[in-house]
Each structure stands twice: as structure tokens, then as C-alpha cells.
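Engineer: sequence and predicted model, in that order:
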Amino acid sequence: MINKRENTFFIETFGCQMNVNDSEKVAGLLQAEGYASVGEPARADVVFINTCAVREGAAEKLYHSLGRLRQLKTQNPQLVIGVGGCVAQLQGQRVLKRAPHVDVLVGTHNFSRVPELIRQARVGQIPSVDLDRGADAFTVPSGAIAHTSTVRAYVTAMEGCNHVCSFCVVPKTRGPEVNRPSEQIMAEVRSLVARGFSEVMLLGQTVNAYQDGDVDFAELLARVDGVGGLRRIRFTTSHPGHITPRLADALRDLPRVCPYLHLPVQSGSDRVLTHMRRGYTRQRYLDTVRLLRDRVPGLAFSSDIIVGYPGESERDFEQTLDLVEAVGFDGVFVFGYSARPGTSAFRVPDDVPEAEKRRRVTLLNDRQQETQARRNREWVGSRVEVLVDTIREGGSVSGRTPHFRIVHLEGSAALLGQFVEVQVTGAGANSLSGRPCGRLSSAPTHANNSLTASSGNPIL
């Protein structure tokens, strides 16, 4: 009989939704082995860190955490420390050289082996390593995933990326595109609905490139949309090069597909886009946005932008500012360029000073905050459908509209997972506030999904 002290784990996750979903898989597998999750590493006998390698700062977080764990390991030599995910895949044995107190090292395709690797580490097979990128990434049973939300569930549709963007390390960490069989995806979605989940988010590094035989991404959305009892469908991340009229029609016509799209542009300068090897021009991106807004009025957009890419001039940056203003994004994630080993851009001098990168990040963020505040004010006075997904302190809750806007409202934990009709009474740059008007029980009837649509789109 394993005592309680030998039966606890703590997981720390860095990175995107894919990383979160991978951690959910690890947690579910450990729970199936009899482990219990605890809220802090000091109470755990297994600490697992799931890593992100997209930016240098994200990778360095791993070593900061491992530095803190070294003392715990000294106090409790039986503590098993595991590292998984993108940094593990990218750096491999270098992780062990830099942090020799790590017992388990597992790559992006090998999370199903974590319990076995931990068992090996417990009997002295240290370090216990599996970095085989050729392994099947879809072997974790969907029923074993310990979802962190009781409302929204992540569903992996594909792994890897076939693009060769100069700045991106994903092809090195996740490998080329591998599409999960559509029937596996459908079975997982049906299982999630049966377990009470109202919303699913389909995941992939370039999820709209999905292709399983005759099933492209638009067809996959149509099939998922047909699952009875499901209320909302989201997906991320999309690549502009895989936006087609057929996908635009799916966004328009499928009632459960939410009117929100995360579509990274990275830069508004053709010169920089060419160096980045993004595969499209500024005008093509704007034409893609126009196509989508023509088909789906009111569609909400968010994007990723890198500033300070090697050789980015002030004129290049101004073109990015101009594009952001032209599109009128509902949200933008801005990052200063970070050179990543293994990418083609790593061989180019990182010649934009850090102080200048910070200036450009701040300026772009400030401009975007003004846009968001203005666009959010357009919603004041309207009624929207909110899926409550968070319990806040002080007798309030929050949730998301179909357009992925956060709405704060008064309410108790009883509203968690409920669809609530909300009168919007206030707006800031990052969220709305409102008062509940009643609960909604019927399924949405149109892809735009708002009870009163927001007015106006930017002119491209």
C-alpha cells in the first residue's frame, strides 16, 4: 500500500493551450495511477514542469523553477522531478547537464509514458528519458485527461507544423504536421458532451491546415457542430495561408462555431514578412480579413505580433502600427523578438536594441488598448450570451461571450457552467461588465451568437 506522501504530484505549466492540454493529460494519467494533485511543490513527491520554448524568457522560467526545486530535492531525496514539453525536446540532454537533479525528461510526443518513467526513476533508473519524436502523440485516452476547467475542454486535432517561419522553433519541438484521425476527435467530443462540457476548443499549431483524408478543417468543424448537446466550438491557432472561402462559410453557417478567430500576422511590413518566411504579404492578410468579415459580419479577431525582428526599421514598425489600426483587432499579443536556437533567424544578428524593442512593444500595446476600449464601448447597452467559467472573489463571476470577450457580473458559484443573458453596463480595454437578465437554455441559432450584435467594423 503506497502511503499518501508517495501518492502526490504537482504540475507547473508554461506556454500555450497545447501545453496546458498536455499537462491535463499527464495529470489524468497520474490520477489513474493513484496519485492525488496538490497545490504546491513542497507537498508533492512528484513535481513535473511542462515547458515552452517559443521565447527565451519562457525557456528560462524552467531553470528558475528547477533552481527552486533543488532545495526541495535536498530536503526530500525521494522527490522525483520531471521536465517535459518543448524545452525538453529542443535541449534534450543539455537540460540534465544544467540541472542534474532532474530525474525524468520527456519530449512532446511522449507524455503517455510519464507514469512509466516516474516508476523507473523511483527504482533508481535515473535519469529516465524518452525524447522519441517519432512516437504517436495521440495515445493518451481521452477519458484519462484531467481537464482544468469544468466548462471548456481542449481537444487536440493535430500536432506539429509544416511551415518554416524563420523565428519559430515549433517544427524543432513538435515536428511536422500530424493529423489526428477525425473519428478519434469526434469520439472525444461526444464523450466530453456526455460528461457535461458545453464548449470545446480544437487545438493545433496550424489547426486550420487540418486534413484527414477527405476531411478538411471546414468539414471537421461541420461534423463537430453536429454533436448533440454541444453549445460552442472554438479553435486555435490558425495560419492566414490556410483561410479559404470554404472555412469562411463554415464560420458563417455553423451555429455552434463561435465568431472569433485568432489569426497571427506577426508584422505589417512586407519586407519583414518575407524575411520571416510567413508565406503571405500585408495585402493578402488584409484581403483575408476582408473575406472573413464579408462572410461573417461582426467576426472578432485577435493576433500575434513580433516587434524588433532583426533588421526591422522604424518604417517597418510604422507599417505594423498602420496594419493594426486598419484591421481593428479585438486583441493583440505583442512580443519583442527573441532569438531561438535552431531557427534560421538565429544566424542573423539580433540588431534591434532591447530598449527599442521595449519601446515598440509599449507603443503598440498602448495603441491597441485604445482600440479595445473603443470597440468594447460599442457593446454597452447590448445584451449578450455569457458562458460563466470563473468564480471571482467578492460574490462575482465572469465568463466569455461568443466573441471571446470577458464579462464580469454579480453572481454565485451556482452560475458556473451556465449560459446567462447579460445586459452590458460598462466596458474597459480588457473586459466588459454587466448584470444578468436570465439564464439561457436553448442552443444558439446562428454563428454570430450574440443576442444584440456589436455595431461597426473597421474599413480596410
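Structural biologist: Yep, it's here.
Engineer: tell me the secondary structure at Arg94.
Structural biologist: At Arg94 the chain is in helix, as set by DSSP: H, G, I helix; E, B strand; the rest coil.
Engineer: quick one: pLDDT of it?
Structural biologist: Note on Arg94: pLDDT of 95.
Engineer: for Thr452, same thing?
Structural biologist: 34.
Engineer: cool, Ser455 as well?
Structural biologist: 33.
Engineer: ditto for Glu370
Structural biologist: pLDDT at Glu370 comes out at 97.
Engineer: quick check: which ranges of the stretch 1-150 of the chain have low pLDDT?
Structural biologist: 1-6 (pLDDT under 70).
Engineer: show the residue spans covered by the strands in it.
Structural biologist: Ranges of strands in the stretch 1-150 of the chain, per DSSP state E, counting those that start in this stretch, are 8-13, 36-37, 46-51, 80-85, 104-106, 128-130.
Engineer: got those as CSV, with mean neighbour count and distance to Thr274 columns?
Structural biologist: Heads up, the C-betas are built off the backbone N, CA and C, glycines and all. As requested, the strands of the stretch 1-150 of the chain are exported to CSV (neighbours: other Cβ atoms under 10 Å; distance: least, Cβ to Cβ, whole Å):
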stretch, mean neighbour count, distance to Thr274
strand 8-13, 20, 35
strand 36-37, 12, 47
strand 46-51, 27, 31
strand 80-85, 26, 31
strand 104-106, 26, 37
strand 128-130, 22, 39
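Engineer: list the contacts of the closest residue to Phe167 other than its chain neighbours.
Structural biologist: Using Cβ to Cβ, 6 or more residues apart in numbering and skipping residues adjacent in sequence, the residue nearest Phe167 is Ala345, 4.7 Å away. Ala345 sits next to Ser166, Phe167, His275, Met276, Tyr309, Pro310, Ala339 when contact means Cβ atoms under 8 Å, 6 or more residues apart in numbering.
Engineer: who wins for neighbours among the residues you listed?
Structural biologist: When neighbours are counted by other Cβ atoms under 10 Å, Tyr309 leads those with 27 neighbours.
Engineer: show me what contacts that residue?
Structural biologist: Phe167, Ser267, Val272, His275, Met276, Tyr337, Ala345, Val352.
Engineer: quick check: the farthest pair among those residues?
Structural biologist: Met276 and Val352 (14.0 Å; Cβ to Cβ).
Engineer: ok so, going back, now, among the contacts of Ala345, which is nearest to Met201?
Structural biologist: Out of the contacts of Ala345, the member with the shortest distance to Met201 (by Cβ to Cβ) is Phe167, at 25.0 Å.
Engineer: do you know how far that closest one is from Ala339?
Structural biologist: 8 Å (Cβ to Cβ, to the nearest Å).
Engineer: and the nearest residue to Gly331 once chain neighbours are set aside, how far from Arg98?
Structural biologist: Spatial nearest neighbour of Gly331, chain neighbours left out: Ser302 (3.7 Å); criterion: Cβ to Cβ, 6+ apart. Distance of Ser302 to Arg98, given as Cβ to Cβ: 35 Å.
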